[in-house]
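Student: Return atomic coordinates for the entry below.
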Amino acid sequence: MIVFMKSNWHLVLIGKAGGAALLCWLIFATQANAALIPAGRLPGGSIWASNQVGVVGGIPNVTTIYANLSPSANDWGTINSALLTCPSNEVVYLNAGTYTITNNLFFGTTWDSWFSTGGHNGVVLRGAGPGKTILDFGGWQGIQVYGNNVWYSGPQTTVSTPLFGGYSQGSTHLLLTTNFSFAVGDMVLLTQENDPALVNISGTGSPQHIFTDINGRECNQLQWMTVTGVDSSGTNLTVWPGVYMTNYQAVLYPQVLRQPGRVSMIGVEDMTLNLVSGGIDFDNSYNCWVRNVETTNSGYAGVRFLYSAHGQVEGCYIHDVAGGGAAESYGVDPNGSSDILIQNNIFYKITAPLLLDSGSSGCVIAYNLCTNMIYGVSPGWMAPSFNTHGAHPSMNLFEGNMGTAMSFDIIHGSSSHNTVFRNDLYGYETNLNNYGPGSSFYINNTYCVSVLSSNRDMTFIGNVLGTDTYHINYEVSVLSYPTNYVGDNPTSPNIRSIYLLGYFGDYGGTSYQDPMTVTSLTRDGNYDYATHSVKWDDTPQTLPASLYLMAKPAWWSNSVPFPPIGSDLTPMVGTIPAQLRFAAMTAPTDPPPSQGSVPAPPSVLKVMGQ
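Tutor: The predicted structure follows:
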């Protein structure tokens, strides 16, 4: 494949057969993207390239078996020993059966030795398939993949160096003030001190502290990069991908940080994890993945990426979080990470299935099915399927997903420059209405989209929003306060709005309102069931099929059309492959609502005064 890049368009030549058709589509699609999305809101001034997110080059097919294991009297010790000694690019294979795991599984000996020395790379833990290879964990345990991280907190004097140039959007050359002995292949973190015009680390909850620089100031705007070249002076780094954000500036002390001891090419595949409160945790990782794995009863998150880049979660089934839906019960959580790809997964009975946290950037969350969200802390609260949470996620893409809602919250700080494209956000969860006719029970937080204060420059394009006959109001916005004020009354008809915009809390309020949240918002080509119309802020345009895929992916079912969702399609909401897999399961049997055909149950409408 040959790629020529100029300004905001890409020219891609692929082979001989069929190349012309794909070439034309790409030129058209990227030009359309540039017109649809305001300048500066695409990473690197371009699109989320399919070779930019997830495992670079795709998840590899590792075939050499190092250890072929079956259940034994010491499953934990046997598996851990194999993971420690397995050579790179080989597999620890677990045959069908149930394995009793009494402690964390490490790609190393123990947490302490792994953390201090870093692990070895290229090891795959693979089973015979979900439901066939079953790992039963006994406590707060899971699978831990740790690299060596030296800068969790405190002023940094040995791992960071300032920049004097090269930090404009799209730049792939960072100019250092001093030779910091970077080498090709190093993973480095681009950051700067928080921009007071954009980044807010405080919210309704505790402030979000990620990294304190050499000046003792907070840094929450993050992007991981790979060093691809170093000049003879050691002060000119060639990096990939290019700079995402537009607001790097000398007064905010732009800098890069060294991240030594990363672990790479670690995979977990084809098994079921019966957890008590644990999960799969990648820390300081690069090019690591989870594929075709079922997790049940996870604690903090089914899969978490912490200070990592180019991770991938694909084809998984993550369900039934521990504790019946605690406040911190996540599906997949990229935390302080970049270019994570989360696609084609099923999330069932998870409080927050897909949550971007703590400065994560350049991630793609695509074609995931989220259904029957639960929030045990407040059973009547409709939990959003997609969240940003904790300052300051930016330049992330949500595409082609099905779920309850998209929420840019202000619990632990702000986010900006995120794009929501061709999603089905139906804003109602039927499993919450389980108290029967005549009950005083009500559901609340049924907005399809919440963009709360301090969240700026969001883009919504081509989405299908709402549930027919339930959503009756277009928006609740600080621009129309107090006319459209929600207050703290969850039975208000305004709770049945498509949008909640610019308020400090989920019901709004007078303590802090942010008009810029609304005025910086772009909404084009979205259909909503409150007005039964497609609305454009700008001139109507043709929507591209995808913002990160060049064509229909190989894992897409031939029985369903691509793209599956969009205000330009008939029907507007089709089927995604994750739905087909979910429907084929014998249990659970409760699929998500079908867009536009699930009216609110009469008991709910009555309680809400309608």
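Student: contact partners of stretch 288-296?
Tutor: For stretch 288-296, contacts defined as Cβ atoms under 8 Å, 6 or more residues apart in numbering pick out 54-55, 59, 129-131, 145, 263-275, 279-280, 282, 302-303, 305, 308, 311-320. (Glycine included, C-beta is placed from N, CA and C.)
Student: can we see that at 6 Å?
Tutor: Residues from elsewhere that reach stretch 288-296 (Cβ atoms under 6 Å, 6 or more residues apart in numbering): 55, 59, 130, 266-274, 280, 282, 302-303, 311-320.
Student: tell me the mean pLDDT for it?
Tutor: Stretch 288-296 carries an average pLDDT of 97.
Student: now do stretch 495-502
Tutor: Stretch 495-502 comes out at a mean pLDDT of 90.
Student: Quickly run through the sheet partners of the strand ranked longest in the chain, with directions.
Tutor: Using DSSP state E, we find that the single longest strand of the chain is strand 221-230. Applying DSSP bridges to the sheet, strand 221-230 is found paired with strand 187-192 (antiparallel), strand 236-240 (antiparallel).
Student: After the last one, which helix or strand is next?
Tutor: Think strand 236-240. strand 255-258 (DSSP states H and E).
Student: ditto for the first one
Tutor: Once the chain leaves strand 187-192, the next helix or strand it forms, by DSSP H and E, is strand 211-212.
Student: What lies in contact with the helix or strand just after that following strand?
Tutor: Next helix or strand after strand 211-212 toward the C-terminus (DSSP H and E): strand 218-219. Strand 218-219 is contacted from outside by 191, 193-194, 201, 211, 213, using Cβ under 6 Å, 6+ apart.
Student: Next: stretch 531-541.
Tutor: 36, 474, 522-525, 527, 567.
Student: still on that earlier bit, point out the most buried one among the strands paired with strand 221-230.
Tutor: strand 187-192 (a mean of 24; mean count of other Cβ atoms under 10 Å).
Student: How far does that one sit from its chain's centre?
Tutor: 19 Å (Cα atoms, centre = their mean, to the nearest Å).
Student: okay, it in PDB with CA atoms only?
Tutor: The C-alpha trace of strand 187-192 is given here as PDB (Å, rounded to 0.1, in the frame of the first residue of the first chain):
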ATOM      1  CA  MET A 187       7.100   5.400  23.700                       C
ATOM      2  CA  VAL A 188       6.900   9.100  24.700                       C
ATOM      3  CA  LEU A 189       4.100  11.200  26.200                       C
ATOM      4  CA  LEU A 190       3.400  14.700  24.800                       C
ATOM      5  CA  THR A 191       1.700  17.000  27.300                       C
ATOM      6  CA  GLN A 192       1.700  20.500  28.500                       C
END
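Student: Let me see the mean pLDDT of it.
Tutor: pLDDT averaged over strand 187-192 gives 94.
Student: Just the buried residues of the longest strand of the chain, please?
Tutor: Neighbour-count burial for strand 221-230 flags 221-227, 230 (criterion: 16 or more other Cβ atoms under 10 Å).
Student: same question, stretch 270-283
Tutor: So, applying 16+ other Cβ under 10 Å, buried residues of stretch 270-283: 270-275, 277-283.
Student: in the chain, which ranges drop under the pLDDT threshold?
Tutor: 1-32, 34, 108-119, 148-158, 323-327, 431-442, 482-493, 506-511, 586-610 (pLDDT under 70).
Student: Break it down into its structural domains.
Tutor: Following automatic domain parsing, one finds the domains of the chain at 2-53+542-571, 160-258.
Student: mind checking how far the spatially closest residue to Ala128 that is not a sequence neighbour is from Asn68?
Tutor: Leaving out its chain neighbours, the residue that sits closest to Ala128 by Cβ to Cβ, 6 or more residues apart in numbering is Ala96, at 4.2 Å. Distance of Ala96 to Asn68, computed by Cβ to Cβ, to the nearest Å: 12 Å.
Student: Please apply the same query to Trp76.
Tutor: 17 Å.
Student: neighbour count winner among these two?
Tutor: Trp76 (19 against 11; other Cβ atoms under 10 Å).
Student: what helix or strand is that one on?
Tutor: Per DSSP H and E: helix 75-85 holds Trp76.
Student: Now that helix - C-alpha only, CSV.
Tutor: The C-alpha atoms that make up helix 75-85 are tabulated as CSV, following Å, rounded to 0.1, in the frame of the first residue of the first chain:
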residue,chain,number,x,y,z
ASP,A,75,-3.7,-24.2,37.9
TRP,A,76,-2.5,-20.8,39.0
GLY,A,77,1.1,-21.8,39.5
THR,A,78,1.3,-23.8,36.3
ILE,A,79,-0.1,-21.0,34.2
ASN,A,80,2.0,-18.3,35.8
SER,A,81,5.2,-20.4,35.4
ALA,A,82,4.4,-20.8,31.7
LEU,A,83,3.7,-17.1,31.2
LEU,A,84,7.0,-16.3,32.8
THR,A,85,9.1,-18.6,30.7
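Student: which element follows that helix toward the C-terminus?
Tutor: Next element after helix 75-85 (DSSP H and E): strand 90-94.
Student: Mind listing the strands the helix or strand that comes right after that next one pairs with, and their directions?
Tutor: Once the chain leaves strand 90-94, the next helix or strand it forms, by DSSP H and E, is strand 97-101. If you go by DSSP bridges, strand 97-101 pairs up with strand 133-137 (parallel).
Student: Relative to whichever helix or strand comes after the strand it pairs with, what are the paired strands and their orientations?
Tutor: Going down the chain from strand 133-137, the next helix or strand is strand 143-146, by DSSP H and E. Strand pairing for strand 143-146, determined by DSSP bridges: strand 105-106 (parallel), strand 280-283 (parallel).
Student: Buried residues in strand 143-146, which are they?
Tutor: For strand 143-146, the neighbour count (16+ other Cβ under 10 Å) marks 143-146 as buried.
Student: So of these, which two are at opposite extremes in space?
Tutor: Ile143 and Tyr146 (10.7 Å; Cβ to Cβ).
Student: Can I get the strands paired with strand 143-146 in JSON lines including distance to Val123?
Tutor: As requested, the strands paired with strand 143-146 are exported to JSON lines (distance: least, Cβ to Cβ, whole Å):
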{"stretch": "strand 105-106", "distance to Val123": "11"}
{"stretch": "strand 280-283", "distance to Val123": "13"}
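Student: Point out the one among those that comes closest to Gly170.
Tutor: Counting by Cβ to Cβ, Gly170 lies closest to strand 280-283 out of the strands paired with strand 143-146; the figure is 28.1 Å.
Student: Need the contact partners of the closest one.
Tutor: For strand 280-283, the external contacting residues (Cβ under 6 Å, 6+ apart) are 142-146, 268, 288, 290, 303-306, 308, 311.
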